[in-house]
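**Student:** could you work out the structure for the sequence below:
(2 chains)
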Amino acid sequence: MAYPFSEIELKWQEYWRSHETYRVTLDPSKPKYFVMDMFPYPSGEGLHMGHPLSYTATDVVMRMKRMQGFAAMHATGWDAFGLPAEQYAVKYKLHPRITTERNIATYRRQLDSLGYGYDWSREINTTDPNYFKWTQWIFLKFFNSYFDTEEQKARPIEELVRRIASEGTAGIPCALPRDTKHYSKEAWGAATAKERSDFLAQCRLAYVADAPVNWCPELGTVLANEEVPEQEEKGYTVLRRNMRQWVLRITAYAERLLRDLDTVNWPESTVQSQRNWIGRSEGAEIDFSIAGADHTIRVFTTRPDTLFGATYMVLAPEHPLVAKITTGAQDGAVRNYLEEVRRKSDLERTDLAREKTGVFTGAYAINPANGKHIPIWIADYVLISYGTGAIMAVPGHDERDFEFAGAFGLPIVRVVQAPGVDASEPLVTPFTEDGIAVHSGFLDGLSTEQAKQRMIEWVEASGAGVRTVKYKLRDWLFSRQRYWGEPFPIIYVDEGDGEYPKALPERMLPVILPEVESYQPSGTGESPLATIPEWVNTTDPETGRFARRETNTMPQWAGSSWYFLRYLDPKNDTALISSDAERYWMPVDLYIGGAEHAVTHWLYSRFWHKLLYDYGIVHTPEPFQRIFHQGMLLGENGSKMSKSLGNVINPDQLVSEYGADTVRSYVLFLGPLEGTKPWDSKGIMGVHRFLNRLWRVIVREDNTTDRSSITDGTPSSSLERLLHQTIKKVGDDIEALRFNTAISACMILLNAMEEESGGIPRAAYEALLKLMAPFAPHIAEELWQRLGNAGTIFDTTWPAYDEAKTVETTVTLILQVNGKVRDKLDVPRGLMTADLEAFARQSPNVMKHIDGKQIKKVIVVQDKLVNVVAA
RNA sequence: GCCCGCGUGGCGGAAUAGGUAGACGCAACGGACUUAAAAUCCGUUGGCCGCAAGGCCGUGCCGGUUCGAGUCCGGCCGUGGGCACCA
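**Tutor:** The predicted model follows:
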């Protein structure tokens, strides 16, 4: 008979609830520990096995830290805005709030059934107006800020406006586009509100732009990049289309986001992903004038040293100069090409295997290094969104340019010499590595690195260019055309010369969602909110004049970019978070979540955090000190768990079959947390048996307590040693998130206790219960109580170990001959080298193997081995 | 193509400072208990040879460093993930 897990689990869950066991408060007398997992999206499916994996891991850490005397913060909540609830609402005409509440109830029941010790008084919900009020508040901070390029931080836009009013726009510390139309102080004074708004949009950290989006006609909405493959798989079509969008200027923070990666304890792969995603490149912007025209083409290159090898130029098809420089003779060909490009899907355009395409514009540029006229082409291998949207093509030293030049018969010259290669030989493959500059005038003979620096100095001196740093990172498209998301606290006003966006004042937050009759997308690409005139049409609270509300809503990332802060002060209605709470709890000490969020959630959160840091709302530049990725749990057959494969493991069923303690312990016992591992439904019995054995130490078949096997005596020296070793190992392993070996250490300890001849010493058994309590909290509580203790085991202190008592008094000495084990011998620890060597020489089996050979050398590692080298 | 990671018994995995390879658990086999089964308990379990003592082989493959390599170095093969015309 298995122990009555259902009964005791319910009992203790009820105890924890009524005693608010997991309520944690700010306590300056204690060190704090803030542990997090990713708060779930409450889907209609309920929990899947991935949740118990990371949630148990964080729960175990919280429980141990708490017993070690920390104020251990572990809270959760609901990332409840999002597409699935909205799609469900469209289909069944049910308000997403209803389904969301229903799903949350299911999740809550499931989380409770697994015995998690969340502090539910800190529960948050991104769809709660008291929560998203602050999401909107942060958005307003973005909107009302510019990024000061001198101080490298966000500052209030009013300060910039004041400065412009007194000095004009020239020289303001903002990264403005090159063709910005500047205002003198007088012109600014005379400008309309719309004109000022348009100018300031270039400075604000949140701005409106016409941006190409992934438009899905069937869903009537725009998709995030990461949503596209999923929807395409479902058979929906996704097209490129320009729409008016909110964009957050994350690029302003590129350098800080990159630099501060050096300060965090994260998986190297995730740090690398973020570095690559930010994609910093050093190089130069160089201007090429156009022969016979009053335009210049600015290019970005990381290889200014190859300027003498630039034999043609390429503009992206979308480049604004295309229309201006194309000659009459090439006009038809260019138009045809542009049309061809427009028709291509994203997939076709990014297919690396395909042939390079392009067309000549008829115009020529002048290479500033050697004055040569080089043809200007258009090709879609150059992207408008990176660099300047134009390149100088150096086919000798760039794979893509080489391929293109080959396809269109453009000249290829060598300007970098590989070691041991004849510089006059034609290139048969592009040479992209470093070498020595050749055929490059004043650069000849310089190494690539020297030549880069020399050329940058030269272009800067001649006014043809400047040293520049570019990033792959793009600004963050921040609006979705959906109902079920945070409304923007923005209205549009028009004073006769066009609409412009205007922030609502803080006192009007939160801007809540109106009730709608249909969740069906408007079909125009706008959100369902656009179909409600009573909501859209409003008045400007400042002027009382007519205004229209923004009808986009925020993406799901909005609510999740800062939620951890709200756990710390969830009920505060005068501030996002109190300074006291923030200073005490932040930063997050440990955050466990899936690696799939490496460059989304964990980059976005850092960005938001830095804005809050700039305003002194948070005191650490980085929010998450340590991140850890749990691996994936596969189905029994080793393939991904999926409904279609019918190999989904249901947590509810496992809990009712084996109990929460077994399920918790087993998901962690399966293997290293970070590893991808298949589920094995038979293996769970091993852990279940272990808990049963732990139970039967003091409970009989009829469920009565019998402490007769527990003694008040002292443990044998070997058991005492093992106990101290186990206490040390379990603590270290939990700290390092090696739960599988922590559990196996507990199993070894119980195995040894059962072999203890004079019964099990009470102190040892109690220590084992405490060590197991983080993994199996219910059974630990019950046994703790049945031993005659009062209260919860989680208010007791974590067992301590004595380092001296972990040390073995005897060691197994390994005797080797030429590196092969020939004998083993138990000897006292700490013997001298000479003694150990003597053991080896006396061993019959060692003697047999050195017989007839000469001893060259004897290696002795104290307390470990003796290796006799003989030949 | 580039950047990460991983290859250990029949299976999940352990070996945390280069020093006993296979801890712990599953499965399997043998036994005890039982009318029987389940549950529980005891034992065996990397392969090969041997009655035994013991020996040989063995951590994807090939090579190197070392008295000694699962662990370090070089090359290859396989596999999983991320990015992908970023100039």
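**Student:** residues of the stretch 351-500 of chain A that sit close to RNA strand B?
**Tutor:** Residues of the stretch 351-500 of chain A that fall close to RNA strand B, judged by C-beta under 7 Å from any atom of the strand: A:351-352, A:354, A:356, A:380-383, A:385-387, A:389, A:391, A:398, A:400, A:470, A:472. Heads up, the C-betas are built off the backbone N, CA and C, glycines and all.
**Student:** now the residues you listed: which count as buried?
**Tutor:** Buried subset of those (neighbour count, 16 or more other C-beta atoms under 10 Å): A:356, A:380-382, A:386-387, A:389, A:391, A:398, A:400, A:470.
**Student:** for the residue in the stretch 451-600 of chain A positioned nearest to RNA strand B, give me its contacts.
**Tutor:** Residue of the stretch 451-600 of chain A nearest RNA strand B, by C-beta to the nearest atom of the strand: A:K472 (3.5 Å). Residues near A:K472 by C-beta atoms under 8 Å, 6 or more residues apart in numbering: A:276-279, A:281, A:386.
**Student:** neighbour-wise, which one of those residues leads?
**Tutor:** A:I278 (21 neighbours; other C-beta atoms under 10 Å).
**Student:** my guess is A:N692 meets A:Y658, correct?
**Tutor:** No. Contact between A:N692 and A:Y658 fails when scored by C-beta atoms under 8 Å: they sit 10.3 Å apart.
**Student:** so what sits against both of these two?
**Tutor:** A:A2.
**Student:** next one: the residue of the stretch 451-600 of chain A closest to RNA strand B, what pLDDT does it get?
**Tutor:** pLDDT, A:K472: 92.
**Student:** with A:E230 instead?
**Tutor:** Note on A:E230: pLDDT of 66.
**Student:** ok so, going back, now, the buried ones among the residues of the stretch 351-500 of chain A next to RNA strand B that are in strands?
**Tutor:** If you go by DSSP state E, those have A:391, A:470 in strands.
**Student:** how far away is A:A105 from A:H95?
**Tutor:** As judged by C-beta to C-beta, to the nearest Å, A:A105 and A:H95 stand 15 Å apart.
**Student:** neighbour-wise, which of those two wins?
**Tutor:** A:H95 (17 against 11).
**Student:** quick one, helices of the stretch 701-850 of chain A?
**Tutor:** Applying DSSP state H, counting those that start in this stretch to the stretch 701-850 of chain A gives helices spanning A:717-735, A:739-755, A:762-772, A:777-786, A:833-842, A:844-850.
**Student:** what residues of stretch A:744-756 count as buried?
**Tutor:** In stretch A:744-756, counting by 16+ other C-beta under 10 Å, buried: A:745-747, A:749-750, A:752-753, A:756.
**Student:** please apply the same query to stretch A:588-601.
**Tutor:** Buried residues in stretch A:588-601 (16+ other C-beta under 10 Å): A:588-595, A:597-601.
**Student:** correct me, but A:I8 touches A:H778?
**Tutor:** Yes. With contact defined as C-beta under 8 Å, A:I8 reaches A:H778; the gap is 5.4 Å.
**Student:** so how far is A:Y658 from whichever residue of chain A sits closest to RNA strand B?
**Tutor:** The minimum distance from chain A to RNA strand B, using C-beta to the nearest atom of the strand, falls at A:G686 (2.2 Å). Separation of A:G686 from A:Y658 (C-beta to C-beta) stands at 11 Å.
**Student:** which one's more surrounded, those two?
**Tutor:** The residue with more neighbours, out of A:G686 and A:Y658, is A:Y658; 19 against 14, by other C-beta under 10 Å.
**Student:** secondary structure for the buried residues of stretch A:588-601 - can I get that in JSON lines?
**Tutor:** Converted to JSON lines, the buried residues of stretch A:588-601 look like this (DSSP: H, G, I helix; E, B strand; the rest coil):
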{"residue": "A:V588", "secondary structure": "strand"}
{"residue": "A:D589", "secondary structure": "coil"}
{"residue": "A:L590", "secondary structure": "strand"}
{"residue": "A:Y591", "secondary structure": "strand"}
{"residue": "A:I592", "secondary structure": "strand"}
{"residue": "A:G593", "secondary structure": "coil"}
{"residue": "A:G594", "secondary structure": "coil"}
{"residue": "A:A595", "secondary structure": "helix"}
{"residue": "A:H597", "secondary structure": "helix"}
{"residue": "A:A598", "secondary structure": "coil"}
{"residue": "A:V599", "secondary structure": "coil"}
{"residue": "A:T600", "secondary structure": "coil"}
{"residue": "A:H601", "secondary structure": "helix"}
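**Student:** brilliant, that's me finished.
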